[in-house]
Structures are given as C-alpha cells and as structure tokens.
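Undergrad: The sequence and its predicted three-dimensional model are supplied below.
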Amino acid sequence: MFCTNCGCEIKEESAFCPKCGKVVSDTENTQDISITGRKVPSKRTLRLFIPIAILLVVVLTVVVIIYNAMMGVKVINNKVEAGSIVQTKDIIIPRSSNGIIRFQNELDTSKLGQQALQYTIENGILSINRHIEIEVIDTTAPVISGPENIKVQKGELFNPADFYSVTDFDDGLENSIVVTPEVNINVVGSSKVQLSAKDSSGNIGLLDISVQVIELTADEQLALKAINKYVENNGSTDGVASTVIVYKTDAAGTNGVDYYVEINSDVLYAIYDDGEIKPFTAKEAQSQLVLKLLFMAVEMDGTEVSSSKLVD
C-alpha cells in the first residue's frame, strides 16, 4: 500500500507513513502517483516523453539524409594521370541532379604528388565549401623511338642517343637509355639487344632492336654516318638511293664542312670537321650556296658507295 500524501510505500501493519507521518487510511491508494519537485516523473510523463524522443531522432535522421542527398558528392577518382586534361566529372559528381560543383582552384597535372582541390557545391539556396585531396601520378612508360635495325662501324662507339629518342612525362631521358646486353663493337656480326629507359616514377619503356657491326672503307663510313642521320630524321631508310655519293670539298674544312653525302637527288648531308652532321634539302643548299660548292666538289672528287651494304 502507498501513502496518499507522498506516495511512499507503507507496510500493511503500519498506522502512519514513515516518511511524511500522515495517518494511514484504510483505503489503499491504487491511482497513478504524480510527484512534483525533485520527485521521479510519473508513468504518464514517461510514456509521453519516449515517443517524442523517438520522433525527434527520426526527424533528425531524415534531415541528415535529405541534406546529404542534396549536398553530397560522389568521388569518381582521386588519382589522375600526369599530363592529362581533367574535367570536374572525372573527379567528383553531385549526388543530387540539381547539385552544381564549382572548383575554386585548378589541378596542375604537370606536378606529381598530392594536391588539395577546393570546390563549392550548390543546390538551390544551399551552398557549402569543401576540398578533396587529389594525387597526380605517372604510370605511363617512356616511349623509345627509332629504327629496329641499325649498323655501326667496327670499333666505333655505339651511342643509343645518336639513333633513338625518348619521350615521356619526365624530361631529359635521352641519355638514360640502357643497352642490354652491351654491344661488342670490336667483333663483326649482328646481335639482338634491348633498349630500356626508366623515368622517376619507376616506369620502364622497352624496345628490342638488332645491331649489326660492320667493317667499312673510309667512304662507306661517311656514307653510313649520313644514312644513320637520315634514318634518325625520317624513321626509316625509305628514300635512300641504291648508290650514295660521297663528295669531298675542294679544300678540307671549307665553311667547316669536310664532306657532303648525297642520299638521293633531293637530300644531302654536310659532315663538319667537328663531327656534326647536318641535312640540307636542294632548296636549302641552293639558298646557302652549298649547291655551288657541291658542284665544285663533284668535278674534283665524288665517290659512289653502294647503299646495299649500309641498309637492310
């Protein structure tokens, strides 16, 4: 039984409430007790509070879901290839069809590493600034360009940079071509080798080639130098005449040129006394009076060399 005054539980045999001292009524209090002040809430209050709390949680959850749907983004890719052209949709897109993403700064794909990309997402009157970390990576291997078959003079140093070029996101790889195995330039014969170039990101470009070491006369050596330069400029020996003519200038070192090599009727090469080899078209030769010098050389010294020994 309970006290009708304070709600304290009273033993059946008690004549008064041990807490408030009120005389106990013979009639048992079976009503819900409402306690004020510091007293515990009534059962009725608790029954009302619980559904309100649940409703608030549900409402807040729905609000968060709607907000994320309106202002959320989906990350498509947080890594981009170096040197590539990147659009917004390649990186992130809004989750809402009404969302608009505006980048505040540009991604510099010429620089490797992490970059912070600032952006604003808008949806109606809502707007929020955010950022995303993007990593610029280089996964593209260097490309080695040049002929698949070359010929070099016995005893002459084989320098890949004389025949091949390297293109890559990194610069300055031309001198980093590695030849495996090394070419024995002191033994006449043909060998298969592999050229490789490695960039700073660890990507490796490969090219399998054939190197033929041959023994030539002095004129054939000059002709081969010019033909190799022609191949470097044109990519193949197509256009090389069956007979290549080596012309010696009327006086060694005239204008710095020791020899001219006529590859065909339209293209000739000047071999300078410092070893440089420079191509001239007929028009260029005429404009620089080289053609006149060549005619003088023809009358004095012109040696025909069969190109069949020098090209495949």
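TA: Received the coordinates, thanks.
Undergrad: shaky segments in the stretch 201-312 of the chain?
TA: Scanning the stretch 201-312 of the chain for pLDDT under 70 picks out 250-255, 281-301, 312.
Undergrad: Correction: the previous question concerned the stretch 51-200 of the chain.
TA: In the stretch 51-200 of the chain (pLDDT under 70), the answer is 63, 65-71, 171-175.
Undergrad: Let me see the ranges of the helices in the stretch 51-200 of the chain.
TA: 88-91 (DSSP state H, counting those that start in this stretch).
Undergrad: which residues in it form strands?
TA: 73-75, 79-81, 92-94, 100-103, 113-123, 126-137, 143-145, 149-153, 165-167, 178-180, 189-198 (DSSP state E, counting those that start in this stretch).
Undergrad: Let's have these in TSV, adding mean neighbour count and distance to Gly275.
TA: No exception for glycine: its C-beta is placed from N, CA and C like everyone else's. Shown next, in TSV, are the strands of the stretch 51-200 of the chain (neighbours: other CB atoms under 10 Å; distance: least, CB to CB, whole Å):
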stretch	mean neighbour count	distance to Gly275
strand 73-75	12	56
strand 79-81	14	40
strand 92-94	18	56
strand 100-103	14	52
strand 113-123	15	42
strand 126-137	14	41
strand 143-145	16	23
strand 149-153	19	13
strand 165-167	18	19
strand 178-180	12	21
strand 189-198	15	23
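Undergrad: Of all those strands, which one is nearest Thr237?
TA: strand 149-153 (9.0 Å; CB to CB).
Undergrad: who touches that closest one?
TA: By CB atoms under 8 Å, 6 or more residues apart in numbering, the residues outside strand 149-153 that reach it are 158, 163, 183, 185, 209-216, 221, 224, 228, 231, 310-312.
Undergrad: before we move on, back to that, now the strands of the stretch 51-200 of the chain as TSV including distance to Ser236?
TA: TSV is the format used below for those (distance: least, CB to CB, whole Å):
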stretch	distance to Ser236
strand 73-75	47
strand 79-81	31
strand 92-94	47
strand 100-103	46
strand 113-123	40
strand 126-137	35
strand 143-145	12
strand 149-153	10
strand 165-167	15
strand 178-180	21
strand 189-198	17
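Undergrad: mind checking which of these is nearest Tyr260?
TA: Going by CB to CB, the one of the strands of the stretch 51-200 of the chain nearest Tyr260 is strand 149-153, 19.2 Å.
Undergrad: List the strands paired with the closest one, with their directions.
TA: strand 204-214 (parallel) (DSSP bridges).
Undergrad: Using CSV, write down the CA coordinates of the partner strand.
TA: The C-alpha trace of strand 204-214 is given here as CSV (Å, rounded to 0.1, in the frame of the first residue of the first chain):
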residue,chain,number,x,y,z
ILE,A,204,60.2,1.4,-67.9
GLY,A,205,60.0,1.7,-71.7
LEU,A,206,61.5,-1.1,-73.8
LEU,A,207,62.5,-1.5,-77.4
ASP,A,208,64.1,-4.6,-79.0
ILE,A,209,66.5,-3.9,-81.8
SER,A,210,69.2,-5.5,-83.9
VAL,A,211,72.7,-4.0,-84.1
GLN,A,212,75.0,-5.1,-86.9
VAL,A,213,78.7,-4.3,-86.5
ILE,A,214,80.3,-4.0,-90.0
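Undergrad: What angle do strand 204-214 and the helix or strand that it is followed by make with each other?
TA: The helix or strand immediately downstream of strand 204-214 is helix 218-234, counting by DSSP states H and E. Angle, helix 218-234 to strand 204-214, by axes from the mean of the first three to the mean of the last three CA atoms, to 10 degrees: 160 degrees.
Undergrad: Can you give the contact residues for helix 218-234?
TA: Counting by CB under 8 Å, 6+ apart, 146-147, 150-153, 156, 162-163, 214, 216, 237, 239-240, 244, 246, 259, 261, 263, 267, 269, 271, 277, 279, 303, 305, 307, 309-311 sit against helix 218-234.
Undergrad: buried set for it?
TA: 219-232 (16 or more other CB atoms under 10 Å).
Undergrad: nearest to Ile93, of those residues?
TA: Using CB to CB, these come closest to Ile93 at Glu232, 47.1 Å.
Undergrad: What separation do you get for the closest one and Thr61?
TA: 70 Å (CB to CB, to the nearest Å).
Undergrad: ok, back up a step: just the buried residues of the contacts of helix 218-234.
TA: 146-147, 150-153, 163, 214, 216, 237, 240, 244, 246, 259, 261, 263, 267, 269, 271, 277, 279, 303, 305, 307, 310-311.
Undergrad: what residues are up against Asp170?
TA: Applying CB under 8 Å, 6+ apart, the residues near Asp170 are Asp138, Pro142, Asp199, Ser200, Ser201.
Undergrad: my read: the first one touches Lys111, true?
TA: No: the pair Asp138 / Lys111 is not scored as a contact, 10.6 Å apart, by CB atoms under 8 Å.
Undergrad: Comparing these two, which residue is more hemmed in?
TA: Higher neighbour count among Asp138 and Lys111: Asp138, with 18 against 10, using other CB atoms under 10 Å.
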